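Asker: this one's structure only:
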């Protein structure tokens, strides 16, 4: 450490590189040999942060790869690589995970999606969460303390509920547990048991739960964000693994759960209730021309029986009761008897007639089945009209 006029001069030397003179900008203290915190800068740019707690083991924190100025729809967003930012003329702090910058500016929390290569940003807008209220995984992969990794831990996230289970719009409660085999804790250890506000962005299928009390490393804990990626059907989600392959607990004992799709939390598909009765006017083919029919479809959930009738020209083309199944948004009439051959109105065959429950509650189908009356076969095209619920 040469001196010049009594002033200390500092140099940073990377392995295999040339020495770079740096200026120490002290946040606390005034001497790197004593308790102090300072930024080392060269040519006006901060290169790393130096922290000395006085224990003889200084910590060097190098500038994050997110460092730089990003352009977007608003003011320029400048990230210093150490958790400090400016947005236009306003200063604030930030954390980063998976390309998401969570900025605290005054009392406001804002989230930006950044592109490090293009140096652009998009502010993450908050959309209404229209997924399920709870997601779980009962065979999560992780480990308690120094035990072996296994798939026997549990994960649960509740949306719009506080930790007491009461309604709390905008709040997500996180309950992660790891299995332990040391004879304590009834076989379980709480990894994370905390709640925080959440933001959902539909375009990026991302949820950020903010200010969750959890492990920040294997041996430290504090408040941080959890970034979740959501499947297109909103029935599963997992912790983003872009920046970390595991999340740690508050016990500071190294307990963890893996991130990524290995530990995908799921929710059952929402139960869909069928109306008791539907009507529609699917076309039949009569002498080569389409002609509307009067179709009625009823369901009895107690017996899982469906009754389909199709009438036209004063005659009944279809009149059958069959078993039905309901899986997700598909309802299937099983082994419906129909007349598949236009020139043979007497030979029958079995067919499954499948309807999809549309968002508006109507039943739609892409199928055509053969009805018969007056010694003739009449194809009924269910794709020509939907079956509508009768209120």
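Answerer: In hand now; what should we look at? Since the structure is predicted, the reported quantities are computational estimates derived from the model, not experimental observations. Numbering: from 1, shown residues only.
Asker: can I see the domain layout of this structure?
Answerer: 8-62, 68-123, 134-266, 277-389 (automatic domain parsing).
Asker: starting at the chain centroid, how far to the third one?
Answerer: Just to be clear, that refers to domain 134-266. 13 Å (CA atoms, centre = their mean, to the nearest Å).
Asker: please renumber the chain so that the first residue is 7 from this point on.
Answerer: In the new count, where the first residue is 7, that last one comes out as domain 140-272.
Asker: might you list the low-confidence residue ranges for the stretch 57-206 of the chain?
Answerer: Counting by pLDDT under 70, the stretch 57-206 of the chain shows low-confidence ranges at 104.
Asker: can you give me the strands in it?
Answerer: 65-68, 74-76, 83-85, 90-93, 96-103, 106-111, 114-121, 126-129, 140-149, 156-167, 173-185, 194-207 (DSSP state E, counting those that start in this stretch).
Asker: show me what the fourth one is packed up against.
Answerer: Taking 3 or more CB pairs under 8 Å, 6 or more residues apart in numbering; DSSP states H and E as contact, the helices and strands that strand 90-93 lies on are strand 83-85, strand 96-103, strand 106-111. To be clear about C-beta, it is placed using only N, CA and C from the backbone, and glycine gets the same treatment.
Asker: tell me the most buried of those?
Answerer: strand 83-85 (a mean of 21; mean count of other CB atoms under 10 Å).
Asker: parallel or antiparallel, list what pairs with that strand.
Answerer: Note on strand 83-85: by DSSP bridges, its sheet partners are strand 74-76 (antiparallel), strand 90-93 (antiparallel).
Asker: so what touches the first one?
Answerer: Counting contacts by CB atoms under 8 Å, 6 or more residues apart in numbering, the residues outside strand 74-76 that touch it are 82, 83, 84, 85, 118, 120, 121, 122, 125, 126, 127.
Asker: with adjacent residues omitted, what lies nearest to the second one?
Answerer: Spelled out, that is residue 83. residue 76 (4.5 Å; CB to CB, 6 or more residues apart in numbering).
Asker: first to last residue in stretch 233-244, what's the distance?
Answerer: 9 Å (CA to CA, to the nearest Å).
Asker: can you tell me what sits against it?
Answerer: Against stretch 233-244 from outside (CB under 8 Å, 6+ apart): 103-104, 106, 136-138, 141, 163, 206, 211-215, 245-246, 265-275.
Asker: now swap in stretch 210-218 and tell me
Answerer: So stretch 210-218 is contacted by 106, 108, 115, 117, 119, 130, 135, 163, 178, 180, 198, 200-207, 229-238, 243, 246 (CB under 8 Å, 6+ apart).
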